[in-house]
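Student: just a sequence and a predicted model for now, questions to come.
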Amino acid sequence: MIELNPMVIFIAAIFTNNMILSNFLGMCSFVAVSKEINTSLGLGQAVTFVLAGTSIINYLVYHHILVPYNLEFLRFIIFIISIAAFVQLIEMIMEKYIPNLYYALGIFLPLITVNCAILGVSLFMIIREYSFLQSFAFAVGSGIGWTMAIVALAGIRQRLKRATVPKGLEGPGITLIVTGLMAMAFIGFSGIVQIQ
Amino acid sequence: MAKQSSKEIFSLGVWSDNPVFRQLIGICSALAVTNSLTNSLIMGLGLTFVTALSSFTISAIRQFTPKHIRMMVQVLIIAAYVIMVDIFLKAYLPEFSKTLGAYVGLIITNCIIMGRAEAFAQKNKPWPSFLDGVANGIGYSAVLLFIAFFRELMGFGTLFGFRILGDWWTSWTIMIMPPSAFFLLAIVIWISYNVQHKNEKSGVAKS
């Protein structure tokens, strides 16, 4: 494994290894929530925040608790629990101290637990053997990349409302085609940096 | 809800209520592994196994599970089965375990399983829930294999790793890259919409 600069991973996670467009993670809420720019921006922020938090927790738990006791095979259960617990905790803290933000993001938080992107990032950082800084950069970059893709899609979908689309493709069908076109555009970035 | 026969459960899960193109859930992993038929087959089998058994288990203990913690219980049950699949793959099919990588773990967050647990297993007896899980798994695998068939054939000229198209075939690089998965899934949705719509129309005409 070549030691990659965390900054390189950060850029790569946004553009070349975008969570949605090249790894297909977080598609479920991607299609469902991308109807308006504001809501998708809210969800994107929440996802980025949770990603940053859970990547730290999962990294520490994995390397300081699971590995020393040879319990790596339990990682799926542990990760999903720590994600669920983190989301719950954030919800409670936000409700008490920053109610404004809570009401803006509140409805999205429970959705995030089952967002594949969160668990996906935690699993990728283990499989690719990232160091702590690299994991953090990867998580934040993935979150920003995800937000960018969902906001761009929401913008396109708002325009699409006025277009005539074949009956069978309305809704999810055309969304997928637009996503496909966006993915093609993002392939153009792949010359900048590559991580795998 | 009226009692459904096993046949009805099957046709609902596989075709008319297919999780992927009717309910649009579980597509996260559906797209990532479809650049080869073998990967899709393994993924489909794994998902069918997990959905069927977790539906069965959740349904079997549904009377003893307190309502407000049932999500947590369901996730734990699902995660346990996913770990089994993961360990099995690592032991017997190590090279596939490597290529599938994180996507095996991502079966946990596949909405199909949670969806079936909430919508069906919560209200039904263990055996029908098991069948329902199998049916949905098959419906999911069918879509995966359909997409993978075209992607592998056009992207590599092979099927299950065997060369089908000769040297004259120029591989379409785009087919093994992410965008083609989005396009093909959109086409699957389009076709299924048209077919099902036609059936509904002719059904109305008959009656």
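Tutor: Yep, that arrived. Residues are numbered from 1 along each chain as shown, chains lettered A, B, ... in the order given.

Student: the helices in chain A, which residues?
Tutor: All helices of chain A, identified by DSSP state H, fall at A:6-14, A:19-23, A:27-33, A:37-61, A:75-97, A:99-105, A:109-113, A:116-127, A:132-160, A:172-187.

Student: closest to B:Val33 out of those helices?
Tutor: Closest to B:Val33 of the helices of chain A, according to C-beta to C-beta: helix A:19-23, at 11.2 Å. From N, CA and C alone the C-beta is placed, and that goes for glycine too.

Student: just to revisit the earlier point, could you dump the helices of chain A to TSV with distance to chain B, mean pLDDT and mean neighbour count?
Tutor: Output for the helices of chain A, formatted as TSV (distance: least, C-beta to the nearest C-beta, whole Å; pLDDT from 0 to 100; neighbours: other C-beta atoms under 10 Å in any protein chain shown):
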stretch	distance to chain B	mean pLDDT	mean neighbour count
helix A:6-14	14	84	21
helix A:19-23	5	80	26
helix A:27-33	5	72	22
helix A:37-61	12	87	20
helix A:75-97	4	84	17
helix A:99-105	20	73	14
helix A:109-113	8	72	18
helix A:116-127	4	85	26
helix A:132-160	11	90	21
helix A:172-187	3	85	20
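
Student: so what touches stretch A:94-110?
Tutor: Contact with stretch A:94-110 is made by A:33, A:42-43, A:45-46, A:50, A:87, A:90-91, as judged by C-beta atoms under 8 Å, 6 or more residues apart in numbering or on different chains.

Student: okay if I get the helices of chain A as CSV plus distance to B:Lys67?
Tutor: Compiled in CSV, the helices of chain A are given as follows (distance: least, C-beta to C-beta, whole Å):
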stretch, distance to B:Lys67
helix A:6-14, 39
helix A:19-23, 34
helix A:27-33, 24
helix A:37-61, 26
helix A:75-97, 17
helix A:99-105, 24
helix A:109-113, 16
helix A:116-127, 25
helix A:132-160, 32
helix A:172-187, 32
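
Student: report the buried residues of the lengthiest helix in chain B.
Tutor: Across chain B, the longest stretch assigned as helix under DSSP H is helix B:126-156. Using 16 or more other C-beta atoms under 10 Å in any protein chain shown as the test for burial, helix B:126-156 gives B:126, B:128-144, B:146-156.

Student: mind giving me the packing neighbours of the helix or strand just after it?
Tutor: Downstream of helix B:126-156, the first helix or strand assigned by DSSP states H and E is strand B:158-159. When contacts are defined as 3 or more C-beta pairs under 8 Å, 6 or more residues apart in numbering or on different chains; DSSP states H and E, strand B:158-159 packs onto helix B:126-156.

Student: the helix it packs on and chain A, are they touching?
Tutor: No: Helix B:126-156 lies apart from chain A when judged by C-beta under 8 Å from any C-beta of the partner chain; the minimum separation is 11.6 Å.

Student: what is that helix packed up against?
Tutor: Helix B:126-156 sits against helix B:6-11, helix B:27-32, helix B:37-60, helix B:111-116, strand B:158-159, helix B:173-176, helix B:178-206, with contacts defined as 3+ C-beta pairs under 8 Å, 6+ apart.

Student: as JSON lines, the ones you listed with mean pLDDT and mean neighbour count would be great.
Tutor: JSON lines is the format used below for these (pLDDT from 0 to 100; neighbours: other C-beta atoms under 10 Å in any protein chain shown):
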{"stretch": "helix B:6-11", "mean pLDDT": "75", "mean neighbour count": "15"}
{"stretch": "helix B:27-32", "mean pLDDT": "72", "mean neighbour count": "27"}
{"stretch": "helix B:37-60", "mean pLDDT": "90", "mean neighbour count": "22"}
{"stretch": "helix B:111-116", "mean pLDDT": "79", "mean neighbour count": "24"}
{"stretch": "strand B:158-159", "mean pLDDT": "81", "mean neighbour count": "16"}
{"stretch": "helix B:173-176", "mean pLDDT": "78", "mean neighbour count": "16"}
{"stretch": "helix B:178-206", "mean pLDDT": "76", "mean neighbour count": "17"}
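
Student: nearest to A:Ile126, of these?
Tutor: Closest approach to A:Ile126 among the helices and strands packed on helix B:126-156 (C-beta to C-beta): helix B:27-32, 17.3 Å.

Student: relative to B:Thr158, how far out is B:Ile164?
Tutor: Distance from B:Ile164 to B:Thr158, counting by C-beta to C-beta, to the nearest Å: 6 Å.

Student: apologies, that question was intended for B:Phe183.
Tutor: 20 Å.

Student: how about B:Ser16?
Tutor: Counting by C-beta to C-beta - B:Ser16 and B:Thr158 are separated by 33 Å.

Student: and A:Ile93, by the same measure?
Tutor: In this view, A:Ile93 and B:Thr158 are 53 Å apart by C-beta to C-beta.

Student: swap in B:Val188?
Tutor: Counting by C-beta to C-beta, the separation of B:Val188 from B:Thr158 is 21 Å.

Student: coming back round to it: which one of the helices and strands packed on helix B:126-156 lies closest to B:Pro66?
Tutor: Closest approach to B:Pro66 among the helices and strands packed on helix B:126-156 (C-beta to C-beta): helix B:37-60, 13.5 Å.

Student: show me what that closest one is packed against.
Tutor: Using 3+ C-beta pairs under 8 Å, 6+ apart, the elements in contact with helix B:37-60 are helix B:70-92, helix B:94-100, helix B:102-105, helix B:111-116, helix B:126-156.

Student: rerun that using 7 Å as the cut-off
Tutor: In terms of contacts (3 or more C-beta pairs under 7 Å, 6 or more residues apart in numbering or on different chains; DSSP states H and E), helix B:37-60 is packed against helix B:70-92, helix B:94-100, helix B:111-116, helix B:126-156.

Student: got the residues of chain B near chain A?
Tutor: Chain B has residues B:24-25, B:27-28, B:31-32, B:75-76, B:79, B:82-83, B:87, B:101-102, B:105-106, B:108-109, B:111, B:114, B:177-179, B:182-183, B:185-186, B:189-190, B:193-194 near chain A, with proximity defined as C-beta under 7 Å from any C-beta of the partner chain.
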